[in-house]
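# Sequence first, then the predicted structure:
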Amino acid sequence: MQSKKRSSDAVMKRALQISEQRYKRLFKDSPVAHFEVDATDLEHHISELKQSGIKDFRTFFSTHPEEINKCISGIKIVDANRASMDLLECSNVSECNMYLRGQFLMQQKNFLGEAFALRSEKKTEYTFNMKLQTAKGTMRDVIVKRNEMLSIETGELRIIITLIDITEFKKIEMQLIQSKKMEVIGKLAGSVAHDFNNLLQVIMGYAEYLSLELGKENPLQKDVEEIQRVTKRAVSLTQKLLSFTQKETLHWEIVNVNDLIGEVKQMLRRILGDQYTLETRLYNNLSKVQGERNSLELVLMNLIINAKEAMPKGGKITIVTENKIIAGTVKLEKELQQGSFICISIGDTGRGIKPEDLPFIYEPFFTTKQSGLVSGLGLSMAQNIVKQHNGLILCESEVNRGSLFRIFLPVYNVQGKR
């Protein structure tokens with residue numbers, strides 16, 4: 001009987017060993033990031049804390065962050081598959097351990113405190129969503145899953161940490177949200193443009209009546225004519241906005257951007273006032289672009305007015321144009337196809353944009369201005385128009401030093417291609 005029992009135990013042990021070997025092969029070859037962690041020392045430390053009378057580990061870890069460091073020192077990564085090292089941008093297990101005790105510990109103390117608290121409650125499986133900065137500084141969105149097992153060979157507690165990279169999924173999710181926002185914007189902008197167009201017609205009517213009443217010799221006639229000219233331009237812009245939101249075909253033409261800037265400058269000179277300096281440095285041989293003239297004008301007006309509002313006490317707005325060739329050595333190659341472009345730079349000496357706000361400035365309804373005074377749609381629409389022209393808009397800004405927006409538009413060539 002004992003012989004049969006020993007034989008049965010041996011078969012069972014062998015079966016478990018084979019199962020563990022298969023698991024390890026799956027672990028190594030998995031396209032998903034897995035870590036095998038030895039947490040024996042961590043378990044001993046948590047037991048000691050319990051014996052000392054600690055019951056609420058969440059409060060304890062939040063008030064004793066040094067204890068999180070001690071818990072981390074009780075964890076050792078003993079194995080990591082290729083996918084995990086690729087995700088963390090580490091070359092071996094040793095680097096993974098250095099990352100765990102260094103960057104990860106500094107980034108994720110709140111997460112670790114919660115994880116250790118769950119472990120103190122004997123919870124063996126749990127899942128977190130978190131943002132992770134890799135060893136080389138890349139930001140990733142991941143799902144963290146924890147499971148535990150006992151090693152057949154040593155009997156030691158092993159924790160399996162799984163990291164599921166959902167960065168691309170998050171990007172697609174944000175694109176979907178952005179698409180929904182733009183759909184709402186289209187309806188809203190179309191409605192506003194329609195009502196605004198009706199108001200402009202009233203202004204046009206009064207301006208024409210005033211022009212007739214004053215007569216051609218009246219010195220105020222030039223001011224009335226300016227009102228008429230600007231109002232007609234505004235009517236044209238709102239009609240283009242209606243076309244834009246209703247997805248109608250835009251009217252493309254060859255545009256001299258220097259001339260366009262000159263017209264916008266003339267139109268905005270009274271809006272800016274004496275406390276603002278508008279300086280233009282326009283390249284004489286600037287290449288032409290193919291585009292929708294009024295849409296591009298709308299972009300320029302929006303950026304100039306934004307620059308003005310960033311300098312409530314006055315300041316300097318600078319507009320520069322130049323020809324640019326985007327080649328393989330230029331950082332912009334990721335955003336633009338290589339080729340010839342014109343670059344329009346619009347800079348100000350205003351209050352600048354906070355670094356944490358920069359990634360969101362093109363988001364619909366996002367604004368750094370006082371709530372209720374603006375819609376937060378201007379930069380979103382500007383970016384959309386530039387993209388329609390196969391171009392790119394970039395922003396550099398420093399708090400209290402000002403902002404610089406650069407627009408890249410593809411040059412129109414003799415074959416009529418952009």
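Received the coordinates, thanks.
# can you list the domain ranges for the chain.
Annotated domains of the chain cover 31-165, 169-249, 251-418 [automatic domain parsing].
# Rebuild those domains as TSV, extending it with mean neighbour count and mean pLDDT.
In this view, the C-beta of every residue, glycine as well, is placed from N, C-alpha and C. Formatted as TSV, these follow (neighbours: other CB atoms under 10 Å; pLDDT from 0 to 100):
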stretch	mean neighbour count	mean pLDDT
domain 31-165	16	77
domain 169-249	14	77
domain 251-418	16	84
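# shouldn't residue 338 be in contact with residue 410?
No: using CB atoms under 8 Å, residue 338 is not in contact with residue 410, being 10.7 Å away.
# what sits against residue 291?
Each residue near residue 291 by CB atoms under 8 Å, 6 or more residues apart in numbering is listed here: 252-253, 255, 389, 409.
# Swap in 6 Å and give it another go.
Residues near residue 291 by CB atoms under 6 Å, 6 or more residues apart in numbering: 255, 389.
# how much space between residue 127 and residue 145?
Note on residue 127: its distance to residue 145, by CB to CB, to the nearest Å, is 5 Å.
# Correction: the previous question concerned residue 321.
As judged by CB to CB, residue 321 and residue 145 stand 53 Å apart.
# Repeat that for residue 31.
Applying CB to CB to residue 31 and residue 145 gives a distance of 15 Å.
# Pretty sure residue 236 sits in a helix.
Yes: per DSSP: H, G, I helix; E, B strand; the rest coil, residue 236 lies within a helix segment.
# Check whether it really touches residue 293, as I assumed.
No: the pair residue 236 and residue 293 fails to qualify as a contact (CB atoms under 6 Å) at a distance of 9.2 Å.
# list residues touching both of these two?
Common neighbours of residue 236 and residue 293 (CB under 6 Å, 6+ apart) do not exist.
# which residues of the protein fall in helices?
2-29, 40-51, 57-63, 65-73, 82-88, 93-99, 105-107, 109-120, 167-214, 221-245, 257-272, 293-309, 378-388 (DSSP state H).
# Dead centre of this structure: give me the residue that sits there.
Among the residues of the chain, residue 359 comes closest to the average C-alpha position under CA atoms, centre = their mean, at 4.3 Å.
# And that one, how far from residue 348?
From residue 359 to residue 348 the distance is 20 Å (CB to CB).
# what do you get for residue 310?
According to CB to CB, residue 310 and residue 348 sit 5 Å apart.
# now do residue 272
Separation of residue 272 from residue 348 (CB to CB) stands at 11 Å.
# now do residue 201
Applying CB to CB, the value for residue 201 to residue 348 is 34 Å.
# quick one: contacts for residue 77?
Contacts of residue 77 (CB under 6 Å, 6+ apart): 35, 37, 93, 96-97.
# ok, those residues vs residue 215, which is closest?
residue 96 (84.9 Å; CB to CB).
# show me the contacts for the closest one.
Residues near residue 96 by CB under 6 Å, 6+ apart: 77, 80, 90.
# Inside strands: which ones of those residues?
Judged by DSSP state E, the subset of those located in strands is 77, 80.
# how close does the residue lying closest to residue 162 once chain neighbours are set aside get to residue 391?
Spatial nearest neighbour of residue 162, excluding adjacent residues (CB to CB, 6 or more residues apart in numbering): residue 145 at 4.2 Å. Separation of residue 145 from residue 391 (CB to CB): 43 Å.
# same check, this time on residue 364
From residue 364 over to residue 391 (counting by CB to CB), the distance is 19 Å.
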